[in-house]
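Student: this is a predicted model, with the sequence first.
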Amino acid sequence: MHSGRANWLVALGERLQSQTSLLVDEQVSPSQRRVRLVLFVAWLALVAWFLSTHTFWRDEVRAFSIALSGSNLAEMLHTLHGEGHPALWYLILRGAHDLFPVRQVLPAAGAAIGILTMAVMTRFSPFRSAVVALILFSFWGAFEYIVVARNYCIAALVMFVIAALYRRVRGTLWFGVLLVVLCNTNVPACLLAAMFLLFRLIEMATEEGKNEKRDWLIFAGNAALSLIGALLCFVTVYPTYNDAAVSTSLSDLTVSKVIGGLFDRSGFSNLGFPPLLLLCCCMGLIRRPAAFIAAIASLIGLKLFFFLVYPSDYRHEILYLVFLLSLYWIAAEGAGGRWGERPWMGFVERMGSLFLVALLGAQTWYLRVPIEHQLIGKPFSRSADAGKLLRHPPLSNAIVMADPDPMLEALPYYTNNPLYFLRQQRFGNVVRLSNDARRVLTLDDILADADRLHRQTGRPIIFLSHIALRRDINVREKVMYDYYTVVTPASAERFLASTRLIARLRPSGMDENYDVYLYPR
C-alpha cells in the first residue's frame with residue numbers, strides 16, 4: 001500500500017514537473033513580445049488617465065515640502081533627520097526641482113520611476129504575458145506605486161533591477177551597490193536587502209561546485225556595503241520625531257509578545273491574503289532553497305516589523321509581493337541553489353504558483369476602486385478643491401487650520417496660505433506627529449485658537465473639519481493615532497454660532513474630506 005502511494009506521488013510529481021509553469025515562459029517569443037508591448041501601451045494610457053486628474057494628498061506633498069526645505073542640501077537633510085524615511089526620494093525631488101523649479105516635478109518624478117519600474121518588468125521578466133498583465137493592471141502597479149508620488153516604487157524598481165541583473169552582478173560588488181540603494185528607499189526595504197544577502201549566502205552553500213575564496217570575499221564585501229546602506233538609513237531616520245506614529249508593542253518587549261506578534265491580526269491585513277496564504281505563495285519556490293528560505297524569512301521579518309515598529313498599510317505590504325516576484329524571477333533563470341529532489345515537490349511548487357496567481361489577481365481586482373472613482377469624478381483628496389477656494393481674494397490671506405493637523409499638509413501644493421497646527425500650536429508646512437502634542441482637542445480649544453490668531457493678525461481664519469458637525473453631536477472621535485477630538489452639543493452650538501460654513505468638500509477617495517468654516521462669522 002505504501003509502495004503504491006509512493007509510486008502515485010512520483011507519477012504525479014513527474015507529470016506536474018513536465019507541465020509548463022503557470023508563471024514563467026521558458027523563452028519569450030517575438031509574438032509574446034508584441035503582446036507585452038500592447039499591454040504596456042494600454043497600461044500607459046490607463047496611468048495617464050489617472051494622472052490627468054490626480055489630486056495630491058498629505059504624504060505626497062509632505063515629502064515635497066521637506067525636500068524643498070532649507071536654503072541648501074545640508075539644511076534639507078537636517079530637516080529630514082527623524083522624519084522616518086531615508087534620503088533617496090527627497091534627494092530625487094530636490095535635484096529635480098533644482099533643474100526644473102516647478103511643482104510638477106513631484107508627479108513627474110513619481111510617474112517616471114513607476115513607468116521605468118514596469119518597463120523593466122515587462123521587457124525583461126520571464127513571466128507569462130497573463131502574469132505580466134496582472135502585475136501591470138493591479139492596484140499597486142497602475143495606481144498606488146505610479147500615480148501616488150511616494151518613495152515605495154523606488155524599492156520596487158531596485159528589486160526588479162536586481163532580479164533582471166542577478167546572474168551578472170551576484171559575483172561582483174555591484175550587487176552590494178544595488179543593496180545600498182535599496183536600503184535607502186524606505187525602512188522595510190533594509191530588511192529585504194538583508195534577505196537578498198541571505199538568498200546569496202544560501203545559494204552559495206547549496207549550489208553545485210565549490211565556491212572559491214574570491215567568491216566569499218566578494219560576498220563579505222557586499223555584506224559590508226549593505227551594512228553601510230542600512231547605517232545611512234538608520235542615521236537619517238533615528239531618532240524619529242514622529243513618535244506618535246510608532247507602535248507601542250516595543251514597550252515591555254518579551255518573548256511571548258514577539259511570538260504573539262507572528263499570529264496577531266496586525267500586518268498584511270490590506271493585501272486580501274492573511275500571512276498563512278502568503279506562506280503558501282512561498283511554496284512555489286520549493287525547488288530553490290535560497291529563494292524558498294528567503295521568502296519565508298522575509299515574511300516573518302516583515303510581520304514582526306509591522307507589529308513592533310510601525311503598523312503597515314497597503315503600500316508597505318506590497319513591498320513583500322514585489323520581493324516575492326523578484327525571487328520567482330531569479331529562480332526561473334536558474335539561480336537559488338539546489339537541494340535533493342522529492343516526488344512531492346512538483347505538486348507543492350505548482351500549488352504555490354497557483355496561490356501567487358490568486359494573490360496577483362486580488363490586487364488586479366482592487367484596481368476597480370480608482371477606476372470607479374475616476375468614472376464618477378470622486379477625487380483622491382479634496383485638497384485641490386480647498387486650494388481653489390482659498391485662492392479667492394477674500395480668503396487668499398486667511399490662516400488655515402484643520403483637525404487633524406495633517407489634513408493641511410497637502411495644501412502647500414495648491415495655495416500659499418499660512419498653515420496653523422492646532423495640536424502643536426505653531427505655524428508650518430510639516431506636522432510632527434509627537435506625543436507631546438495636544439492629544440485631546442475640543443471645539444472650544446479650536447475656537448479659542450481661532451479667536452486669538454484673528455485678534456493678533458487681523459486675518460480671517462479657515463477651519464477644515466473632518467468631523468461632520470451637528471448641534472446634537474456628542475462624540476469622542478479618534479482622528480489619528482492616539483489623537484482624539486471631543487465634541488458635545490454645547491460646544492458644537494458655540495462653534496456653529498461663531499463660524500460660518502462656506503463649503504462641504506466631501507467625499508474623497510482617501511480620508512481628506514472636510515467641511516470648511518470661516519471665523520469670524
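Tutor: Right, received. Where do you want to start?

Student: and the pLDDT for the residue nearest to the spatial centre of the chain?
Tutor: Centroid-nearest residue in the chain, with Cα atoms, centre = their mean: residue 315, separated by 2.7 Å. Residue 315 carries a pLDDT value of 96.

Student: the one 10 residues further on now?
Tutor: Looking at residue 325, its pLDDT is 98.

Student: unless I'm mixing things up, it is touching residue 132, no?
Tutor: No. With contact defined as Cβ atoms under 8 Å, residue 325 does not count as touching residue 132 (10.7 Å). C-beta here means a position set from N, CA and C on the backbone, and glycine is covered the same way.

Student: where along this structure do the strands fall?
Tutor: All strands of the chain, identified by DSSP state E, fall at 399-403, 419-421, 426-427, 440-442, 461-465, 475-480, 483-487, 500-505, 514-519.

Student: and the contacts of the third one?
Tutor: Among residues not part of strand 426-427, those counted as contacts by Cβ atoms under 8 Å, 6 or more residues apart in numbering are 418, 419, 420, 421.

Student: okay, now residue 487: neighbour count?
Tutor: Using other Cβ atoms under 10 Å, residue 487 has 22 other residues around it.

Student: mind listing the residues bridging to it?
Tutor: residue 475 (DSSP bridges).

Student: could you list every residue that touches it?
Tutor: Counting by Cβ under 8 Å, 6+ apart, residue 487 has contacts 442, 443, 467, 469, 473, 474, 475, 477.

Student: tell me the pLDDT of the last one.
Tutor: So that's residue 477. Reading off the model, residue 477 has pLDDT 92.

Student: who's in contact with it?
Tutor: Contacts for residue 477 (Cβ under 8 Å, 6+ apart) come out as 467, 484, 485, 486, 487.

Student: ok, the fifth one next?
Tutor: Applying Cβ under 8 Å, 6+ apart, we find residue 473 in contact with 467, 487, 488, 489, 492.

Student: swap the cut-off to 7 Å and go again
Tutor: 487, 489, 492 (Cβ atoms under 7 Å, 6 or more residues apart in numbering).

Student: now the second one: how far from residue 465?
Tutor: When you say that, I think you mean residue 489. Between residue 489 and residue 465 the computed distance is 16 Å (Cβ to Cβ, to the nearest Å).

Student: between those two, which one's more packed in?
Tutor: residue 465 (21 against 12).

Student: beta partners for the residue nearest to the more buried one when sequence neighbours are not counted?
Tutor: With sequence-adjacent residues excluded and distances taken as Cβ to Cβ, 6 or more residues apart in numbering, residue 465 is closest to residue 515, at 4.9 Å. The partner list for residue 515 in beta bridges (DSSP bridges) reads residue 465, residue 504.

Student: what residue ranges in the stretch 251-400 of the chain score low on pLDDT?
Tutor: Residues of the stretch 251-400 of the chain meeting the criterion pLDDT under 70: 251.

Student: least trustworthy helix or strand in the chain by mean pLDDT?
Tutor: Lowest mean confidence among the helices and strands of the chain (mean pLDDT, DSSP states H and E): helix 2-18, at a mean of 44.

Student: roughly how far does the residue lying closest to residue 345 once chain neighbours are set aside sit from residue 439?
Tutor: Leaving aside its sequence neighbours, residue 345 sits nearest to residue 286 (Cβ to Cβ, 6+ apart; 5.4 Å). Distance, residue 286 to residue 439, by Cβ to Cβ: 49 Å.

Student: more crowded one of these two?
Tutor: residue 286 (22 against 13).

Student: so that one makes contact with residue 296?
Tutor: No. Judged on Cβ atoms under 7 Å, residue 286 makes no contact with residue 296 at a distance of 10.7 Å.

Student: show me what contacts residue 433?
Tutor: 242, 244, 245, 481.

Student: now render those residues as CSV, adding pLDDT and distance to residue 331.
Tutor: Conversion of the contacts of residue 433 to CSV gives the following (pLDDT from 0 to 100; distance: Cβ to Cβ, whole Å):
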residue, pLDDT, distance to residue 331
242, 82, 38
244, 76, 41
245, 76, 36
481, 84, 40
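
Student: what two of these have the greatest distance between them?
Tutor: 242 and 481 (9.2 Å; Cβ to Cβ).

Student: for residue 240, what are its contacts?
Tutor: Going by Cβ under 7 Å, 6+ apart, residue 240 touches 82, 84, 246.

Student: out of those residues, who's the most crowded?
Tutor: Highest neighbour count within those: residue 84, with 19 neighbours (other Cβ under 10 Å).

Student: which residues touch that residue?
Tutor: Applying Cβ under 7 Å, 6+ apart, the residues near residue 84 are 237, 240, 242.

Student: from the residues you listed, which is closest to residue 393?
Tutor: The closest of these, once distances to residue 393 are taken by Cβ to Cβ, is residue 242, at 36.5 Å.

Student: which other residues reach stretch 449-461?
Tutor: Under Cβ under 7 Å, 6+ apart, the answer for stretch 449-461 is 395, 397, 398, 399, 401, 420, 422, 425, 463, 518, 519, 520.

Student: and the closest residue to residue 62 other than its chain neighbours, how many residues sit next to it?
Tutor: Of all residues not flanking residue 62 in the chain, residue 409 sits nearest, at 4.7 Å (Cβ to Cβ, 6+ apart). As a burial measure, residue 409 scores 27 neighbours (other Cβ under 10 Å).
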